[in-house]
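Enquirer: Structure of the sequence below:
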Amino acid sequence: MSLTAALLGLVAANAATAATANASGAPQPFTITETIIPAAGVSAFTATGPLCPSGTFADDVSVFAPSAGNSHSNGLNLLIHTVYTCADGSGTFNMLKHVLLTFTDTGFTGTGPVQIHGGTGACAELSGQGVDTGARVGDQGFGNITGTVLTTG
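Expert: Below is the predicted model of the structure:
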């Protein structure tokens, strides 16, 4: 009987701690607009919401598999780990993107879910989710990410 009571007390304490952490940072909407000009070495972003207003980013891209054989033929499934660096020096934040890339006559389009997983400095406790849509036409790429972010710190 005392073991059950102790376990119930522990579960209740953990639930209260989690509720307090979540209450300190209600979900807030954000947008990120990415601009990519590979020839000029530009990978820049602007953001709204609780994120820093602007900075640069670096993508680490992994190819999952061709998407041929389904309704999204002529494309690739990509896993992209992105690190955003805030221009104001407040920190960095990490995003995991799962993008379905579809080739077009002039470049490609992409869309898929994203997750924010912490970072450094003022962004260390960020978490969130959203959707990434983007395209590359000719020599320029554009991305638009919308979602919600939660800060627990």
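Enquirer: how about the helices in the chain?
Expert: 2-23 (DSSP state H).
Enquirer: And for the most centrally placed residue in it, nearest residue in space, chain neighbours not counted?
Expert: When CA atoms, centre = their mean is applied to the chain, the residue found nearest the centroid is residue 95 (3.5 Å). Using CB to CB, 6 or more residues apart in numbering and skipping the chain neighbours, the partner closest in space to residue 95 is residue 82 (4.5 Å). All C-beta spots, glycine's among them, are computed from the backbone N, C-alpha and C.
Enquirer: List the contacts of that neighbour.
Expert: Contacts for residue 82 (CB atoms under 8 Å, 6 or more residues apart in numbering) come out as 57-60, 94-97.
Enquirer: Relative to residue 138, how far out is it?
Expert: Applying CB to CB, to the nearest Å, the value for residue 82 to residue 138 is 22 Å.
Enquirer: Which strand residues bridge residue 34?
Expert: The partner list for residue 34 in beta bridges (DSSP bridges) reads residue 45, residue 143.
Enquirer: Show me what the lengthiest strand in the chain is packed against.
Expert: Counting by DSSP state E, the longest strand found in the chain is strand 107-121. On a contact count with 3 or more CB pairs under 8 Å, 6 or more residues apart in numbering; DSSP states H and E, strand 107-121 meets strand 75-86, strand 91-103, strand 126-137, strand 140-151.
Enquirer: 6 Å instead?
Expert: Applying 3 or more CB pairs under 6 Å, 6 or more residues apart in numbering; DSSP states H and E, one finds that strand 107-121 contacts strand 91-103, strand 126-137.
Enquirer: could these be laid out in CSV, adding distance to residue 51 and mean pLDDT?
Expert: CSV is the format used below for the helices and strands packed on strand 107-121 (distance: least, CB to CB, whole Å; pLDDT from 0 to 100):
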stretch, distance to residue 51, mean pLDDT
strand 91-103, 7, 95
strand 126-137, 8, 95
